[in-house]
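**Q** When you get a sec, could you give me coordinates for this:
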Amino acid sequence: MIQKDKTYNLATFFCLYIAQTIPMSFFSTVIPVMMRQENFSLSAIGLLQLIKLPWILKFLWSPLIDRHAVTTGDYKRWIFSSELMYASLIFAVAFLDFHTDFYTIVALIIVSFVASATQDIATDALAVLAFSRKDKSMVNSMQSMGSFGGSMIGGGVLLLLFKQIGWNGLLPCVALFVIIALLPLFFNKGIHIQPKDSHERAKKADVFYFFARRSIWKQIGFLFLYYSGLIGTLAMLKPWLVDLGYDMKEIGVMSGVAGTFVGFLSSFAGGMIVRRIGRFRAR
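**A** All right, here's what the predicted structure looks like:
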């Protein structure tokens, strides 16, 4: 029974992570491709990566969430409200035209990414508190698998469907999926955390104390070097494929389906490896 509850909890977090990733992956894939097809410069397409800035800066408002989330119900309310806002903004974008409302679309996407980043803060915190130390590698696998699975759907499958039903027909379905993905959390009564004491809640000063620690900069340096190469390459990969003559369907199959599927499988394998040999040796 305990194992069944744990599996259901892992599946619940998988749904949350895949829900936040699919729209973000879709927008991050289809907009650069459409911009390149409309002869936007590579510099303009590179600047479009700034729409992901809320995910970089989310640590600034994470203490606010931590301060106002004490119980499981508190975290669920943050997740539900953020995801409903996320879905609403995606639905609103569906009624805009890419050519005439481009800047409005970009602005709404940025706001939607703020909502998505807020959901991610609450989801990560709840995952950390709800699972034992031994099981954290598995919930991290759910996070990675949800991210890769969402990228496979958002940057692959939806890109293929985009050719068939278009912008205005596809985005309402994406918004509906975000809401449906909340249902496992809504019905899951098995996620429990110990209520936090008031003195344990994060304060604004904790953010500065975090960066003041001498040892943390080695970790930041590692993550910066690791992600800068990865994200820097992927950001310009799809416009480059457009320049090489590939159409949106071919890009969706190569990058969004085949490439991401390998990452999806590797995420689960990575969680098992970390669980078996530890973080330091795995890295």
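
**Q** how about the longest helix seen in the chain: buried residues?
**A** Taking DSSP state H as the criterion, the chain has its longest helix at helix 2-37. The neighbour-count check on helix 2-37 (16 or more other C-beta atoms under 10 Å) flags 6, 9-10, 12-36 as buried. All C-beta spots, glycine's among them, are computed from the backbone N, C-alpha and C.

**Q** name the helices or strands packed onto the following helix or strand past it?
**A** Sequence order places helix 42-47 as the next helix or strand after helix 2-37, per DSSP states H and E. Other helices and strands packing on helix 42-47, by 3 or more C-beta pairs under 8 Å, 6 or more residues apart in numbering; DSSP states H and E, are helix 2-37, helix 216-243.

**Q** Ok, which of those comes nearest residue 64?
**A** Of all the helices and strands packed on helix 42-47, helix 2-37 sits nearest to residue 64, with 18.7 Å by C-beta to C-beta.

**Q** shaky segments in the protein?
**A** Filtered on pLDDT under 70, the chain yields the residue ranges 1-4, 195-204, 235, 256.

**Q** now the strands for the stretch 101-250 of the chain?
**A** Counting by DSSP state E, counting those that start in this stretch, the stretch 101-250 of the chain has no strands to list.

**Q** Need the residue closest to the centroid of the chain.
**A** Nearest residue to the geometric centre of the chain (C-alpha atoms, centre = their mean): residue 21, 3.9 Å.

**Q** quick one: that one and residue 147 touch, right?
**A** Yes. Using C-beta atoms under 8 Å, residue 21 is in contact with residue 147, at 5.0 Å.

**Q** measure the residue nearest to the centre of the chain to residue 214 for me?
**A** Counting by C-beta to C-beta, to the nearest Å, the gap from residue 21 to residue 214 is 34 Å.

**Q** Ok, residue 227 next?
**A** For residue 227, the distance to residue 214 (C-beta to C-beta) stands at 22 Å.

**Q** quick one: which of the two has more around it?
**A** residue 227 (10 against 6; other C-beta atoms under 10 Å).

**Q** what's the burial count for the residue nearest to residue 210 when sequence neighbours are not counted?
**A** Take residue 210 and drop its neighbours on the chain: the residue closest to it by C-beta to C-beta, 6 or more residues apart in numbering is residue 216, 6.5 Å away. By the criterion of other C-beta under 10 Å, residue 216 has 12 neighbours.
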